[in-house]
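*Asks:* next come a sequence and a model predicted from it.
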Amino acid sequence: MIKKRNIFITALLLVLVALSPVYANGDKESAGEEDMVTIRFWGGVPPEAGPQASVDLFNELYKDQGIQVEYERFVNDDTGNLKLETNLLSGDGVDVYVTYTSDVLTKRAEGNMALDLSELIARDGFDLTKYGGSLMETYYINGKPYSVPTKLDQYGIVLNKDMFDAAGIPIPTEWTYDEFREICKQLTHGEGQDKVYGMFWNSQQDMTYVFDYFSAQTLGGDPLYKSESEANFTDPVNVASAQLIYDTMITDKSAPTHADSVTQKLSQEGVFLAGKSAMTIGPWMVRSIKDLDNYPHDFVTAFAPYPVYKEGERNYTQGGYGDMLCINPKSEHIEEAWTFVKWYATEGMLPVVEGGRVPCFNTYDAAEVTEAFLKGGEDLLDAETTKRVLIEPADNYAAPSITAHSPELNRILTEEMEAILLGEQSPAEGMAKAQERGNAILQAE
């Protein structure tokens, strides 16, 4: 009787095991299937703009090796980054993620939220400078690689080619602040609801663009710093940059005011793609340009380099690297995460190129990248200027190298610029205040 009971219990246990899902670290599939490691990949780009297609491609290629990737989008703002970092610190839910700025990368590297990749890179001979030149080392933190930069952040002025053609204005290949201001005035016409502006600054989204994009071409990648202990807000180039926005918004009325941008919740899509401005600040809206269902328009978009302070003072090209892939040090699947990072950086980015993101690794064919960038927008994007301004790499990028108190300096700049653009102080006065406040932070003991 005892023997029969033991046989019955054993059989019952086997049935229960067969019917129950098997879990190991939350990443393995049900029993009977091949054990599959799932890498959780977080990024700020909507999945339909390319990341999901990249992930699907990887999953097809690597399913036989037992690796799959799931993409989760976080909004790249303060709230979204806090959510990401909360998960990183808890060790739950994130294996690979994208960091978008150097100051945030520094914070994450020093806060044990990004893995030092030195050993993996050395072991596999995955020398970043082999793929992206010495500029890659600019994104090391304290001399060590905590990320793999994947995107070429090379921008320029976005312009309505039809409006330029109608006005008889050639698409600029070189121009100064003064020339840019005059063209803004020439392209402004109409009144009230029918008014078309020469420029839309997108200031409600960011008040610091003009310094990162315009000033940096003369001053380099750290336009707000004279040194790690001295601010640079009162440099003539920075003052002129602030003056340029002020003049177009307030003096010339050739750009919507900052107050209107905030109160009316204006956007690049709602102004530029609606034909209400001839130019806007940056081309991260390429995926929207191709989206005729949501943003119907029939004009051709072209691109021009950002203007420089004075003729002959283009010392640098605006740009650098971005979309920095990091691995969570608390991930239980470091090897599989590293496999995905290497694949994505070297060959997996073509689907996101269609959404406007250009790979920085030299493993991609330039013609193939250009074709993918234009795909879906062949009649909407000017091929020549797209390739010249956004895709062809330069060798003198204004890459940042100083991160000391950069969040505080950007906050100061934003506050003083807002007061300038609301007419509460002159550009010279606002930048002088920013200089005093910045030095107080940089020189505090």
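*Replies:* The structure has been received and is ready for your questions.

*Asks:* give me the number of residues near Gln204?
*Replies:* Using other Cβ atoms under 10 Å, Gln204 has 17 other residues around it. C-beta: built from backbone N, CA, C; applies to glycine.

*Asks:* return the distance of the residue nearest to it when sequence neighbours are not counted relative to Phe299.
*Replies:* Excluding the flanking residues, the one nearest Gln204 by Cβ to Cβ, 6 or more residues apart in numbering is Ser261, at 4.0 Å. Counting by Cβ to Cβ, to the nearest Å, the separation of Ser261 from Phe299 is 22 Å.

*Asks:* assign a three-state SS to Val158, would you?
*Replies:* strand (DSSP: H, G, I helix; E, B strand; the rest coil).

*Asks:* how about the contacts made by it?
*Replies:* Residues in contact with Val158 (Cβ atoms under 8 Å, 6 or more residues apart in numbering) are Gln268, Phe272, Met279, Thr280, Ile281, Gly282, Pro283, Met285, Thr301, Phe303.

*Asks:* between the residues you listed, which is nearest Arg181?
*Replies:* Met279 (11.6 Å; Cβ to Cβ).

*Asks:* which ones are touching that closest one?
*Replies:* Ile157, Val158, Leu159, Asn160, Cys184, Leu187, Gly198, Met199, Phe200, Phe272.

*Asks:* now with 6 Å, please.
*Replies:* Ile157, Leu159, Met199 (Cβ atoms under 6 Å, 6 or more residues apart in numbering).

*Asks:* how far away is the second one from Thr301?
*Replies:* Summarising the geometry, the distance separating Leu159 from Thr301, computed by Cβ to Cβ, is 7 Å.

*Asks:* these two: which is more packed in?
*Replies:* Taking other Cβ under 10 Å, Leu159 and Thr301 do not tie; Leu159 has more neighbours (27 against 24).

*Asks:* in this structure, which residue is most central in space?
*Replies:* Ranked by distance to the mean C-alpha position of the chain (Cα atoms, centre = their mean), the top residue is Tyr100 at 5.4 Å.

*Asks:* most surrounded residue in the contacts of Val158?
*Replies:* Phe272 leads the contacts of Val158 on contacts (other Cβ under 10 Å) with 29 neighbours.

*Asks:* residues contacting the residue nearest to Tyr197 when sequence neighbours are not counted?
*Replies:* The shortest distance from Tyr197 to any non-neighbouring residue, by Cβ to Cβ, 6+ apart, is to Ser277 (4.4 Å). Applying Cβ under 6 Å, 6+ apart, one finds that Ser277 lies in contact with Tyr197, Phe200, Val271.

*Asks:* ok, now Leu224?
*Replies:* Counted by Cβ under 6 Å, 6+ apart, Leu224 has contacts Asn232, Leu409.

*Asks:* make it 10 Å
*Replies:* 208, 211-212, 215-216, 231-233, 235, 238, 400, 402, 405-406, 409-410, 412-413, 434-435, 438, 442 (Cβ atoms under 10 Å, 6 or more residues apart in numbering).

*Asks:* just those: which are in helices?
*Replies:* Ala216, Asn238, Ser406, Leu409, Asn410, Ile412, Leu413, Ala434, Gln435, Gly438, Leu442 (DSSP state H).

*Asks:* now do the same for the fourth one: its pLDDT.
*Replies:* It stands for Leu409. Per-residue confidence at Leu409 stands at 93 (pLDDT).

*Asks:* could you report the neighbour count for it?
*Replies:* Around Leu409 there are 24 residues (other Cβ under 10 Å).

*Asks:* show me what contacts Cys184?
*Replies:* 197-199, 244, 247-248, 252-255, 277-279.

*Asks:* circling back to that earlier point, please, a ChimeraX command that selects the buried ones among the ones in helices among the contacts of Leu224?
*Replies:* Listed next is the ChimeraX selection for buried residues among these, using 16 or more other Cβ atoms under 10 Å:
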select :216,238,406,409,410,412,413,434,435,438,442
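
*Asks:* of the ones in helices among the contacts of Leu224, closest to Gln318?
*Replies:* Once Cβ to Cβ is applied, the member of these that ends up nearest Gln318 is Ala216, at 5.8 Å.

*Asks:* ok, for that closest one, nearest residue in space, not its chain neighbours?
*Replies:* Ala216's closest residue in space is Ala398 (Cβ to Cβ, 6+ apart), at 3.9 Å.

*Asks:* and the one you found, what's its pLDDT?
*Replies:* At Ala398, pLDDT is 92.

*Asks:* could you double-check that it sits in contact with Tyr321?
*Replies:* No: judged on Cβ atoms under 10 Å, Ala398 makes no contact with Tyr321 at a distance of 12.0 Å.

*Asks:* nice, that's everything, thank you.
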